[in-house]
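# structure for the following, please:
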Amino acid sequence: MTDISFDETLDARGLNCPMPVVKARKKMAELEAGKVLRILSTDRGSIKDFQGWAKIGKNVELLGQETETEDGVELFIHFMQKAN
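Predicted structure coming up:
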């Protein structure tokens, strides 16, 4: 588990591509520059989706990703920071 601190959490569990990123983009628009959003997802494709968004997005940075198991379900956790 990473030691990345975060300011907000978005629960996108149960949503399939592209909804975790769509919901995260909407939430990031509400955050102040420098704030970190932690996104919880059960969609394996979200790993590459958030990596791709970080590469093409001009106002976000992917700080880290991790995978955990919660009640027998894989949980993908992404940490995105809104750029200054």
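# tell me which residues in the helix or strand hosting residue 67 are buried?
Element membership for residue 67 (DSSP states H and E) is strand 60-70. Residues of strand 60-70 classed as buried by neighbour count (16 or more other CB atoms under 10 Å): 60, 62-63, 65. Heads up, the C-betas are built off the backbone N, CA and C, glycines and all.
# which one among those gets closest to residue 31?
For the buried residues of strand 60-70, the residue nearest residue 31 by CB to CB is residue 60; the value is 10.0 Å.
# now do the contacts for that closest one.
The contact partners of residue 60, by CB atoms under 8 Å, 6 or more residues apart in numbering, come to 28, 53-54, 80-83.
# now tabulate these in TSV and tack on neighbour count.
Shown next, in TSV, are the contacts of residue 60 (neighbours: other CB atoms under 10 Å):
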residue	neighbour count
28	21
53	20
54	16
80	28
81	22
82	20
83	12
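# the closest residue to residue 46 other than its chain neighbours: how many residues sit nearby?
Closest residue to residue 46 apart from its sequence neighbours, by CB to CB, 6 or more residues apart in numbering: residue 20 at 4.7 Å. Using other CB atoms under 10 Å, residue 20 has 27 other residues around it.
# so where's this protein shaky on pLDDT?
1-2 (pLDDT under 70).
# quick one: the helices in the chain?
19-30, 46-56 (DSSP state H).
# my guess is the residue nearest to residue 46 meets residue 37, correct?
No. In this structure, residue 20 is not within contact of residue 37 by CB atoms under 8 Å, at 11.4 Å.
# output the buried residues of strand 60-70 in CSV, with distance to residue 4 appended to each entry.
CSV is the format used below for the buried residues of strand 60-70 (distance: CB to CB, whole Å):
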residue, distance to residue 4
60, 14
62, 11
63, 5
65, 10
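# from those, pick the one nearest residue 48.
residue 65 (10.1 Å).
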